[in-house]
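Undergrad: Here's my sequence, what's the structure:
(2 chains)
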2 protein chains.
Amino acid sequence: MWFLRRDRLLLVAALSALLAADVYFHLWPQLLQLTMGRSCDCGVRPTSRNFTPTAETPVMVIEWIPASKLHHLLSHPLYQAQGTMPPSYDRLLSPHEIMKSYKKRVTHQNRKRRGPRFEGNRTIPLTDSKSDPPAPWLQFHMEIDKDALYPRSSPVVDRLLQSMGNMMIIGADHTPDEKALNGECDCSQIVKPSGTHLKLILRFQDHAKAMFKPMRQSREDETPEDFFYFVDFQRHNAEIAAFHLDRILDFRRVPPVAGRLINLTSEILEVTTNQELESVFFVSPANNVCFFAKCLYMCKTEYAACGNPHMLEGSLSAFLPSLNFADRLSVPHPWIRSYTFAGKEEWETNPSYCDSVKTLPPYTNQKRLLGVMDLAVFDFLIGNMDRHHYETFTKFGEDGFLLHMDNARGFGRPFVDELSILAPLYQCCLVKEDTWLRLKLFTLNEYRLSDVMRESLQNDRLRDVLTESHLVALDRRLQKVLEVVDQCVQTHGTDAVIIKDAAPQHKTDQS
Amino acid sequence: MWFLRRDRLLLVAALSALLAADVYFHLWPQLLQLTMGRSCDCGVRPTSRNFTPTAETPVMVIEWIPASKLHHLLSHPLYQAQGTMPPSYDRLLSPHEIMKSYKKRVTHQNRKRRGPRFEGNRTIPLTDSKSDPPAPWLQFHMEIDKDALYPRSSPVVDRLLQSMGNMMIIGADHTPDEKALNGECDCSQIVKPSGTHLKLILRFQDHAKAMFKPMRQSREDETPEDFFYFVDFQRHNAEIAAFHLDRILDFRRVPPVAGRLINLTSEILEVTTNQELESVFFVSPANNVCFFAKCLYMCKTEYAACGNPHMLEGSLSAFLPSLNFADRLSVPHPWIRSYTFAGKEEWETNPSYCDSVKTLPPYTNQKRLLGVMDLAVFDFLIGNMDRHHYETFTKFGEDGFLLHMDNARGFGRPFVDELSILAPLYQCCLVKEDTWLRLKLFTLNEYRLSDVMRESLQNDRLRDVLTESHLVALDRRLQKVLEVVDQCVQTHGTDAVIIKDAAPQHKTDQS
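TA: Residues are numbered from 1 along each chain as shown, chains lettered A, B, ... in the order given. Modelled structure (predicted):
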């Protein structure tokens, strides 16, 4: 009996001990792994495919978080739909000019299609862009006004993005940069043509045009530390992300950009009528279709962009109206960097540099100066150091907004915050109240900038446009912008720094 | 009493169960990990810093393995010291020519030192290369004969390697390639100058000269699959490793190459008298000293080589005697590849191509043809597809050995064995008996090629010249070479394939 009782006890004790040990050695570590993240972190940085909570992300969220932070943002009073269409004198183009622009494109494309080199595609039907509703690119051009490239609530931008991502491509050509290299246009206007800059103009079935920049590096590749800002790679995903950010920040100064997987053979090589462009295509040793930038000196296939075997990601930036109808002014950025190896510009050594800028037109107009501040905030957030010029529409004079174009050199270093890009802000200590209010909004958990951006980018056809590190960098940099503004307010007072009304201080010559 | 006894038993049972559980859940998995390899294999390939046993490496070795496989190899009968110095008519240079070459260099350097741009370094004492024993570079030139660049047992090569790795650098200049770009020499002789080709001539205190190729990519970087062989990067470590391999294979046809950490500022920028060279130096945004290749079209700093902040690895290849005293012939390789995108050469489509090669001089001389076979084996082992030309010393005529120079495009793809490099071997089915015997030797564990190479490379001043993947590739490729020979022997018989005596079949015109 004693033996049996002891046996039973022993069995129970042994089983209990085994259970305890199993819980302690087996289940507990696994639970720990699940709660603490991956146990095997081999230096892989989180990507948007592989979200890991950041230090700033609370594990338990008590407050109510809307399912879509982007929708929540767009319903905020600061993002309320604008009123009726602006009066015609505030719009960039008159209906007459739009029709002229349209007819010019149609004539140009029809002439090309009649050429001897267009046998294969002459049968592709072109669509009538004037039909009701007009083609998205025409609507986009119609809606450009003195405040922004597109109205806050306009459905046109999404239609344009969709058509650029879907529509049949019927033509491809070199950009004017490439043509300059072949002596076809004035080279003095061309900035830094280089073997690494590959971009093409694509034409769509509805007569729309877009600038195509192919993928050159993986999402995880970072700008090498020895690279100057002016030789950095151009990133197609930076163009896409910059458009989304500019729209989220409510600047609306970047022409719509869509990502798309392009078939290099059927959508470029087979639809171009330019023999020069055809000649830069080749099949790589790995049997992939590639093309490189034509250059005077020699053809550098080592800098080619290659498909897999035909398909390659790229960005498509919508074209603005032709310069013939809406001329633009290219203005050197007052905080331009030195494009030499060791040179320094005045702003880099003179902390009072802004005082002299303020005395020079067009910056005597505070609206223009505030536009430069917005651009500095935008460039700091995307990490773009290569803003040597900006453009404005000539029609709107000094009151016109600054175009935020050419952002392919942003998003190169997710772990570096280049504070010197904020020099206009910390040297002038000025910021539009609208901009400042929105920036503050994005620090709130329910509107967190990285979350809104992640959500917005999911609307693009390309996956994981930005890595998680770049998204996290946006939140970190946003904090730094606000710290600079706070410092300014402490020194100069709120009224001197946060500018409520950005009305022009004087009438410009052009207006 | 019962209570106490039961308590004790329970305690013992619980402790035993815990111990068992610990052993089972904790120690056993750890033991499994240790025996089965890393549990967390995140795709990190083994490097020479991080040796992991390969599938071919036995865990337990019963046979006796010599401590130094390299020493063991050199004591093998196939590697016995050669006899006395060859007769003077078999040597490349006469003592008279060597003295003329020496005096020319001294005069040239002294003239440079008297120039106005040499203020800083005029005080560096030059050494007398004729002293006893003469400078290593002079001895190296003296020993070149009709069989090889250096005798098997000569101590001169190690002295030369040591002096290139240590000796004060007193001058730096562009190579003729770079000078051609600046219109200083005949461009028609220049093959593919490009922004990515950075090489400089360095001059030493003892009047020696060496070709410097800087490090451009990390050891782990592989040639992208879309790169053509003719645009691949040049790798300094490939130059070093190719020299060691050529020496181990007993070809002795690669001029000695030493690795060295170079101070770009004090050892190049401050000692050059060439203003053009000075002008390509700059300090990068990360404060590193960099230089780029001068090019006619534009200076591409994105392809610069940068120190950290001054120091940069590079390879130093000893110069051969001047062409004025020992002219060389540059011969197009009969199995040259097409240097166009889609072209194919005859050998790629005609399996009987070798029959026509054999009928054409200089390949009517079987010694020359066997030299091409050796070169094919060497290029296959290093993975070099860019052998468009080879050089021979004019003096030795068709009997002269083929120089194995310019190997910087080897060792680019450790996981690819490019069998087409062996086309000469499998199309002609010929191999020198000497070469074949040595190749077989390296398949034995006690002479394993990867082990001997690893050991030989440890003599270089740079660490981990080749990654473990590249070393393992050598063993794998060696097997493939021997398989090709075996196949030939099965088809044509041993005597027709393994050529015992490589004596010339006829006298050449030049000899």
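
Undergrad: how about the strands in chain A?
TA: A:169-174, A:200-204, A:209-214, A:257-263, A:281-283, A:289-291, A:305-306, A:311-318, A:328-332, A:389-393, A:431-432, A:498-499 (DSSP state E).

Undergrad: most tightly surrounded among those strands?
TA: strand A:311-318 (a mean of 25; mean count of other Cβ atoms under 10 Å in any protein chain shown). The C-beta positions use only the backbone N, C-alpha and C, and glycine is treated the same way.

Undergrad: Mean pLDDT and distance to B:Val485 for the strands of chain A - can I get that in JSON lines?
TA: Compiled in JSON lines, these are given as follows (pLDDT from 0 to 100; distance: least, Cβ to Cβ, whole Å):
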{"stretch": "strand A:169-174", "mean pLDDT": "93", "distance to B:Val485": "51"}
{"stretch": "strand A:200-204", "mean pLDDT": "95", "distance to B:Val485": "50"}
{"stretch": "strand A:209-214", "mean pLDDT": "96", "distance to B:Val485": "46"}
{"stretch": "strand A:257-263", "mean pLDDT": "98", "distance to B:Val485": "45"}
{"stretch": "strand A:281-283", "mean pLDDT": "90", "distance to B:Val485": "33"}
{"stretch": "strand A:289-291", "mean pLDDT": "92", "distance to B:Val485": "37"}
{"stretch": "strand A:305-306", "mean pLDDT": "92", "distance to B:Val485": "37"}
{"stretch": "strand A:311-318", "mean pLDDT": "98", "distance to B:Val485": "43"}
{"stretch": "strand A:328-332", "mean pLDDT": "95", "distance to B:Val485": "67"}
{"stretch": "strand A:389-393", "mean pLDDT": "96", "distance to B:Val485": "65"}
{"stretch": "strand A:431-432", "mean pLDDT": "98", "distance to B:Val485": "76"}
{"stretch": "strand A:498-499", "mean pLDDT": "96", "distance to B:Val485": "82"}
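
Undergrad: what's the closest of those to A:Ser75?
TA: Taking Cβ to Cβ, strand A:431-432 is the member of these nearest to A:Ser75, at 22.0 Å.

Undergrad: list the helices and strands that closest one packs on?
TA: If contacts are counted by 3 or more Cβ pairs under 8 Å, 6 or more residues apart in numbering or on different chains; DSSP states H and E, strand A:431-432 sits against helix A:366-382, strand A:498-499.

Undergrad: Pick the most deeply packed of the ones you listed.
TA: Mean neighbour count (mean count of other Cβ under 10 Å) peaks for helix A:366-382 among the helices and strands packed on strand A:431-432, with a mean of 23.

Undergrad: what is the orientation angle of that helix with strand A:389-393?
TA: Angle of helix A:366-382 versus strand A:389-393, following axes from the mean of the first three to the mean of the last three Cα atoms, to 10 degrees, is 130 degrees.

Undergrad: Return the alpha-carbon coordinates of helix A:366-382 using CSV.
TA: The C-alpha trace of helix A:366-382 is given here as CSV (Å, rounded to 0.1, in the frame of the first residue of the first chain):
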residue,chain,number,x,y,z
GLN,A,366,7.1,87.4,-47.9
LYS,A,367,4.9,84.9,-49.6
ARG,A,368,7.8,83.8,-51.8
LEU,A,369,10.1,83.6,-48.8
LEU,A,370,7.5,81.5,-46.9
GLY,A,371,7.4,79.2,-50.0
VAL,A,372,11.1,78.7,-49.6
MET,A,373,10.5,77.8,-46.0
ASP,A,374,7.9,75.2,-47.0
LEU,A,375,10.4,73.8,-49.5
ALA,A,376,13.1,73.5,-46.9
VAL,A,377,10.7,71.6,-44.6
PHE,A,378,9.7,69.3,-47.5
ASP,A,379,13.4,68.7,-48.5
PHE,A,380,14.5,68.1,-45.0
LEU,A,381,11.7,65.5,-44.5
ILE,A,382,12.7,63.6,-47.7
